[in-house]
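S.K.: Here is my input; please provide its structure:
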Amino acid sequence: PSRARALAPGPSPASRAAKDALVAAVDAGDAKATREAADAFTRAVRADNAKLSRSLGSKWDALGVIVAISLCLGLLALAFARWGEGRRARAAQLGHRLGVSVAELEQAKASAERADQLKTRLLADVSHELRTPMMGLIGGIDLLSHTTLDPGQRKRVDALHESASDLRSLLDDLLDLARLEGAALAIEAAPFDPRRLFEGTVSIARAQAPARGIELDMDPELPAALEGARDRIRQILWNLLSNALKYAGDSDIRVGVRWTEPTLRIEVDDAGPGIEAADRAAAQEAFVRLAAPSIPGTGLGLALTRGLAGAMGGRLRLLTSPRGGLRAEVELPTPLARRPPPPSSRGGRDGPALRVALVEDNEINREIVAEMLRQSGYRVQCAADGQEILGLVRDDAPELILMDCHMPRLDGPAACRRLREDGYRGPIIALTANAGKDEHQACLEAGMDAVLTKPVTRVELERCIERWARSGGSSRAGSGKDSAF
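M.R.: Just a heads-up that it's a prediction; the model follows:
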């Protein structure tokens, strides 16, 4: 031993540096750095041991190796023990923090879910309470417009009709916006004829603004049948046309329709003042109006268009048109339809007048809708609730039933189930103030064939009745086979 102490050179600088690095890595709690430092320290000790062996001779080799290995294993055990203690301490501290955060997140999630449920319920209630009197208002104006009026009366009735239609559109827009924000808007794809859709929508816009030039340029290769949400696509085009009519001054408007499989592109182009590039993002937010206060509007058109396009997997872009105004472009995925769209011709019915039963608990709406039906040439039977229609069908079954949903004694879906159980196979159409997807689905699942949302005009009512009168209604009770009309 005395000779060994005399001859041993002591730890090399590399060993001391490796040891210091190992201790620092352990203190830092870095597992990877600890392993690397331990490997480096082992190599340094082995190098020192080799030097010592050469100094002392071969008889000390085994002892040196044992000492080096023991020292390394001890240091490694100490290092990992200290690293484990630090890890456990940090894990405990992090666990405490996470426990608080998870509790807070769960509480916030529960509060958000309650608020969302309250919002959904409020929307349903407000929608129902507004649509019920609007049915009487719009239906009454519609009936009045079909009477003999002098020019002054006709002008006033037309103004009433336009105001009521604006009110209905505003209510629909607000509800659609709320559903988009809550990801609850129904987007139902079905085969449609794009030419019929665009020509019909542009024709209505031309009728409402005869002094403005509205040009429609459709792709000659546009297919006869595409798959998409027809009514939502019409709503998008109408929003863009309405925007151009309001804000483009006296400029003419060009509507372009292009299709490159599987994308439909709608372009509405004007030569008006346009929107500055810096303002285009803000213009797509709800209730943002960049135009003069004298121009009517709510600031919902572009926000709804963007939301509807996004819900269908598409997008809205606002650009500068080649004529210096605004070009609004919407791209939507609309693949080729696998089956043809329904025929456009509604046609008339031959033979005796159709017998229609109207089930409505609101007296004003019952009188208004019954008169609309009579003016359309139908024979009308009325019932005030679901219980009453059961007796009416037993005594003299109508060919078609228009059914309200919220009624005393027996509501619409329950009455429909009873009628189907009793063997009634004629069409049953919900005529309801509920505009929600869940309510519509409940009607279809109860066995109704279609859903009409109040308020409706006489033309809309007649179109739906004629469609289902020709089809004959449900082929089996409770099929719920068709989506809402």
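S.K.: Flag the shaky bits of the stretch 351-485 of the chain, pLDDT-wise.
M.R.: The model of the stretch 351-485 of the chain has pLDDT under 70 over residues 351-352, 471-485.
S.K.: if we go to 80?
M.R.: 351-352, 434-438, 470-485 (pLDDT under 80).
S.K.: What is the neighbour count of Asp39?
M.R.: 14 (other CB atoms under 10 Å). For the C-beta atoms, the positions are set from N, CA and C on the backbone; glycine is no exception.
S.K.: I'd like the distance between it and Leu419.
M.R.: 83 Å (CB to CB, to the nearest Å).
S.K.: What of Asp252?
M.R.: Noted for Asp252: a distance of 54 Å to Leu419, by CB to CB.
S.K.: For these two, indicate the residue with more neighbours.
M.R.: More crowded of Asp252 and Leu419, by other CB under 10 Å: Leu419, with 25 against 15.
S.K.: check contacts around Ala18.
M.R.: By CB atoms under 8 Å, 6 or more residues apart in numbering, the contact set of Ala18 is Ala37, Ala40, Phe41, Arg43, Ala44, Val45.
S.K.: which residues touch the fourth one?
M.R.: Contacts for Arg43 were tallied using CB under 8 Å, 6+ apart; they are Ala18.
S.K.: Could you report the distance from it to Ser12?
M.R.: Taking CB to CB, one finds Arg43 at 11 Å from Ser12.
S.K.: And Ala248, its phi and psi?
M.R.: When read as degrees, to the nearest 10, the backbone of Ala248 gives phi -100, psi 20.
S.K.: Adjust the sequence numbering to begin at 46 for everything that follows.
M.R.: With 46 as the first residue, the last one maps to Ala293.
S.K.: ok, it - contacts?
M.R.: Ala293 makes contact with Asp315, Ala316, Gly317, Pro318, Gly370, Leu371 under the criterion CB under 8 Å, 6+ apart.
S.K.: Can you check these and name whichever has the most neighbours?
M.R.: Ranking the contacts of Ala293 using other CB under 10 Å puts Asp315 first, with 27 neighbours.
S.K.: And Val501, how close does it get to Cys509?
M.R.: With CB to CB as the criterion, Val501 and Cys509 are 8 Å apart.
S.K.: hang on, I meant Arg515
M.R.: Separation of Arg515 from Cys509 (CB to CB): 11 Å.
S.K.: Those two: which has the busier surroundings?
M.R.: Cys509 (22 against 11).
S.K.: could you say what helices and strands the helix or strand in which the more buried one is found packs with?
M.R.: Assigned by DSSP states H and E, Cys509 belongs to helix 503-516. On a contact count with 3 or more CB pairs under 8 Å, 6 or more residues apart in numbering; DSSP states H and E, helix 503-516 meets helix 106-190, helix 408-420, strand 445-448, strand 473-477, strand 495-498.
S.K.: Compare the ones you listed and say which comes out lowest on pLDDT.
M.R.: Here the lowest mean pLDDT among the helices and strands packed on helix 503-516 goes to helix 106-190, at a mean of 67.
S.K.: would a markdown table of the contacts of Ala63 with distance to Val202 and pLDDT be doable?
M.R.: Below are the contacts of Ala63 laid out as a markdown table (distance: CB to CB, whole Å; pLDDT from 0 to 100):
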| residue | distance to Val202 | pLDDT |
| --- | --- | --- |
| Ala82 | 91 | 72 |
| Ala85 | 95 | 78 |
| Phe86 | 97 | 72 |
| Arg88 | 99 | 77 |
| Ala89 | 101 | 73 |
| Val90 | 103 | 69 |
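S.K.: What ranges does the chain have for its helices?
M.R.: Using DSSP state H, the helices of the chain run over 47-52, 58-73, 76-101, 106-190, 196-226, 239-253, 275-292, 325-328, 346-356, 408-420, 431-440, 457-466, 482-490, 503-516.
S.K.: Could you find the closest non-adjacent residue to Leu364?
M.R.: Sequence neighbours aside, Arg372 is the residue nearest to Leu364 in space, at 4.5 Å (criterion: CB to CB, 6 or more residues apart in numbering).
S.K.: Check what pLDDT that neighbour gets.
M.R.: pLDDT, Arg372: 91.
S.K.: can you check the one 4 residues further on too?
M.R.: Glu376 is assigned 95 on the pLDDT scale.
S.K.: Please apply the same query to Ser210.
M.R.: 79.
S.K.: Count the residues that sit near it.
M.R.: For Ser210, using other CB under 10 Å, the count is 14.
S.K.: List the contacts of the closest residue to it other than its chain neighbours.
M.R.: Excluding the flanking residues, the one nearest Ser210 by CB to CB, 6+ apart is Ile183, at 7.6 Å. Taking CB under 8 Å, 6+ apart, we find Ile183 in contact with His206, Ala209, Ser210, Arg213, Pro500, Val501, Thr502.
S.K.: and if we set it to 7 Å?
M.R.: Contacts here follow CB atoms under 7 Å, 6 or more residues apart in numbering; on that basis Ile183 touches Ala209, Arg213, Pro500, Thr502.
S.K.: who wins for neighbours among these?
M.R.: Pro500 (27 neighbours).
S.K.: do you know how far that residue is from Leu175?
M.R.: Counting by CB to CB, the gap from Pro500 to Leu175 is 10 Å.
S.K.: what's the answer for Ala356, then?
M.R.: Using CB to CB, one obtains 24 Å as the distance from Ala356 to Leu175.
S.K.: Check Arg508 too.
M.R.: 24 Å.
S.K.: what bits of the stretch 196-345 of the chain have low per-residue confidence?
M.R.: In the stretch 196-345 of the chain, residues with pLDDT under 80: 207, 210-231, 293-294, 331-345.
S.K.: hang on, the earlier thing: settle it for me: which of Arg508 and Leu175 has more neighbours?
M.R.: Between Arg508 and Leu175, counting by other CB under 10 Å, Leu175 is the more crowded of the two (19 against 14).
S.K.: What residues does the more buried one make contact with?
M.R.: By CB under 7 Å, 6+ apart, the contact set of Leu175 is Leu216.
S.K.: how far away is it from Leu167?
M.R.: Look at Leu175 and Leu167: by CB to CB, they are 12 Å apart.
S.K.: now Gly197
M.R.: 42 Å.
S.K.: swap in Arg439?
M.R.: Noted for Arg439: a distance of 39 Å to Leu167, by CB to CB.
S.K.: What pLDDT is listed against Leu361?
M.R.: Leu361 carries a pLDDT value of 94.
S.K.: what's the neighbour count on Asp203?
M.R.: Count around Asp203 with other CB under 10 Å applied: 13.
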